[in-house]
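**Student:** model this:
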Amino acid sequence: MVITARIGTGLVKRILVDTGADSNIMFRNVFDALGLKEADLKVHQHEVIGLGDNYIRPDGVITLPVCVGSNEAKKLVMAEFVVLRDSTAYNVIMKRKTINEFSAVICTKFLVMKFITDDGIVGSIRGDVETAVASDNTSVSLRKRSKEAAGVFLADLDARLDENSRPEPQGNLEKFQVGDSKEKFTFVNRNLPHHLKEPLVKTIRANGDLFAWTPADMLGVDPNFMSHRLAIKPDAKPIAQQRRKMSQERTNEVAKQTASLLDAGFIRELEYSAWLSNVVLVKKANGKWRMCVNYSDLNKAYPKYSFPFQTSTPWSTQHRDIVS
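**Tutor:** Got it, this is the predicted structure:
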């Protein structure tokens, strides 16, 4: 969502409200346009800051008042901005913490942000549709050029432009061994400065025993600390579902995942089961299989929960999941 707000003494357009951002970012062209001076900057706590696939040395940080809304329906908060020198489609990125300080709720469908004003009433600010479209077009253009040119562009941060359904590691990654075998490894960004990369790799290796390399390495939760039971209705009759046939590919996948769960001690074999439910394989976005269980009959025997976390499906995973 792209909005316009007053920052410091000026009205700033093309502010990207990003609920996933960790830092408020102000780019140097805005800093200069607001008439701010180098002496106004404070030293940033980190020498570099990650933006997309690159690490940039910030000019510093500055705390400025930010005002959203107009007339009586407005709110002002103080926010800290990291000042960066870069070319992007936006002037400012507003982070999650600042959005929370405005007590704001965002509806991307209608491009509107509701917030609690200084007077305690509900105010609203609408996103600039034309500016948002222009910024998106600019981001697309910058994304294409970024493949050939050095530098960081905000397009790399915009999830709406990502064709992948799930985020994947980006950039020039360097593989390094963590445990006592070559199979125990992870990755670090090759572009990370040496004085940051070496301590990071050293710390990860020193704590290699904390990684779960196999399902058996996950010890689970002590039942004395927390346990779960199914509150099945007393008059419910156990149901054994009729066996569902699967293709050879799915049968092999079920056998593989079941074996790994048995080895890890997550499940155990029963010769006589009162309840019997089929497993269901669902294709993940990355092409792998997720193994779930068709607990639809069990759900019917379960008291209705007035505040469900999710909508039931024909093979609901509301109560129990077996996940790869």
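
**Student:** Go ahead and list the helix or strand containing Ala274.
**Tutor:** Counting by DSSP states H and E, no helix or strand carries Ala274.

**Student:** burial measure for it, as a count.
**Tutor:** For Ala274, the neighbour count with other CB atoms under 10 Å is 9. Placement of C-beta: from N, CA and C, glycine included.

**Student:** now it: how far from Val92?
**Tutor:** Computed with CB to CB, to the nearest Å, the distance linking Ala274 and Val92 is 60 Å.

**Student:** Work out the sheet partners of the helix or strand that contains Leu281 and label each with its direction, please.
**Tutor:** For Leu281, the host element (DSSP H and E) is strand 279-283. With DSSP bridges as the test, strand 279-283 is paired with strand 289-293 (antiparallel).

**Student:** helices and strands around the following helix or strand past the strand it pairs with, which ones?
**Tutor:** Where DSSP H and E defines the elements, the next helix or strand beyond strand 289-293 is helix 296-300. The criterion is 3 or more CB pairs under 8 Å, 6 or more residues apart in numbering; DSSP states H and E, and there are no helices or strands that helix 296-300 contacts.

**Student:** Pull out the buried residues from helix 296-300.
**Tutor:** In terms of neighbour count (16 or more other CB atoms under 10 Å), helix 296-300 has its buried residues at 296-299.

**Student:** Using JSON lines, lay out these together with pLDDT and distance to Val82.
**Tutor:** Below are the buried residues of helix 296-300 laid out as JSON lines (pLDDT from 0 to 100; distance: CB to CB, whole Å):
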{"residue": "Ser296", "pLDDT": "84", "distance to Val82": "50"}
{"residue": "Asp297", "pLDDT": "86", "distance to Val82": "54"}
{"residue": "Leu298", "pLDDT": "84", "distance to Val82": "51"}
{"residue": "Asn299", "pLDDT": "83", "distance to Val82": "48"}
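
**Student:** export the residues you listed to CSV and tack on distance to Lys42?
**Tutor:** Below are these laid out as CSV (distance: CB to CB, whole Å):
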residue, distance to Lys42
Ser296, 59
Asp297, 62
Leu298, 58
Asn299, 56
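
**Student:** of all those residues, which comes closest to Leu84?
**Tutor:** Checking the buried residues of helix 296-300 against Leu84 by CB to CB gives Asn299 as the nearest, at 50.8 Å.

**Student:** any chance you could map the helices in this structure?
**Tutor:** In the chain, the helices defined using DSSP state H lie at 28-33, 96-101, 129-146, 194-206, 248-264, 296-300.

**Student:** From Pro303, how far off is the residue lying farthest from the centre of the chain?
**Tutor:** Farthest-out residue of the chain from its mean C-alpha position, per CA atoms, centre = their mean: Asp235, at 42.9 Å. Asp235 is 12 Å from Pro303, where distance means CB to CB.

**Student:** do Thr9 as well
**Tutor:** From Thr9 over to Pro303 (counting by CB to CB), the distance is 60 Å.

**Student:** Next: Lys237.
**Tutor:** Lys237 sits 16 Å away from Pro303, taking CB to CB as the criterion.

**Student:** same check, this time on Trp289
**Tutor:** 32 Å.

**Student:** Between these two, tell me which one has more neighbours.
**Tutor:** When Trp289 and Pro303 are compared for neighbours, Trp289 comes out ahead with 16 against 9, by other CB under 10 Å.

**Student:** Contact partners for that one?
**Tutor:** Trp289 makes contact with 250, 253, 257, 281-283, 324 under the criterion CB atoms under 8 Å, 6 or more residues apart in numbering.

**Student:** Buried subset of these as a PyMOL selection?
**Tutor:** Selection command for PyMOL covering only the buried members of the contacts of Trp289, criterion 16+ other CB under 10 Å:
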select buried, resi 250+253+257+281
